[in-house]
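J.: pasting a predicted model and its sequence here:
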Amino acid sequence: MRQLAARAWRSLRGSWQWRLLWLAHAKFMVGVTGVVRDEEGRVLLLRHRLWPQERPWGLPTGCAARGEEFTQTVVREVREETGLHVRTGALVRLRSGYRLRVEVAYEAVCVGGTLRIDPMEILEARWFSPDALPDGLQESHRELISGAGPTPSAQPGTVR
């Protein structure tokens, strides 16, 4: 039976194999988060308009565009949501998330720009000391902040 299945698979070739694989496997959205720190080691947190009222605070987060490198997603999302420019560092989290979502998080360091929020998504943006985080912070983001130290010289894609 396996030989028959293997022969059938090989006879399909190219795009038909791809279509069957696509139908048979989960499709994932990729959520990318940046643990953005300044030169003092403070972390950038945003009060998100669209998040639950009991936990609106979190790190800059967004979905990767098709074909976008995840480090560039961090750069783009931070710039869109806050006007700040960042340089990404080490990969600090890669895991399956809620339902059909993959979660990726990188350390990042602020390298410039002027803080101006996107009022459609963000209500407030503030720098916090890691030992004085606000109530209403996403627990997974609290874990990222406590586990991801400032290493702005780390190369993108480096796993600690």
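T.: Done, it's in.
J.: give me phi/psi at Gly83?
T.: phi 80, psi 0 (degrees, to the nearest 10).
J.: what's the local residue count around it?
T.: Neighbourhood size, Gly83 [other C-beta atoms under 10 Å]: 15. For glycine as for every other residue, the C-beta is placed from the backbone atoms N, C-alpha and C.
J.: so which strand or helix has the closest residue to it other than its chain neighbours?
T.: Distances taken as C-beta to C-beta, 6 or more residues apart in numbering place Arg116 nearest to Gly83, at 4.1 Å, with adjacent residues excluded. Arg116 belongs to no helix or strand when assigned by DSSP states H and E.
J.: repeat for the one 10 residues further on
T.: Assigned by DSSP H and E, Arg126 belongs to strand 122-128.
J.: how far away from the center of its chain is the lengthiest helix in the chain?
T.: In the chain, assigned by DSSP state H, the helix with the most residues is helix 70-82. Relative to the chain's own centre, helix 70-82 is displaced by 9 Å; criterion: C-alpha atoms, centre = their mean, to the nearest Å.
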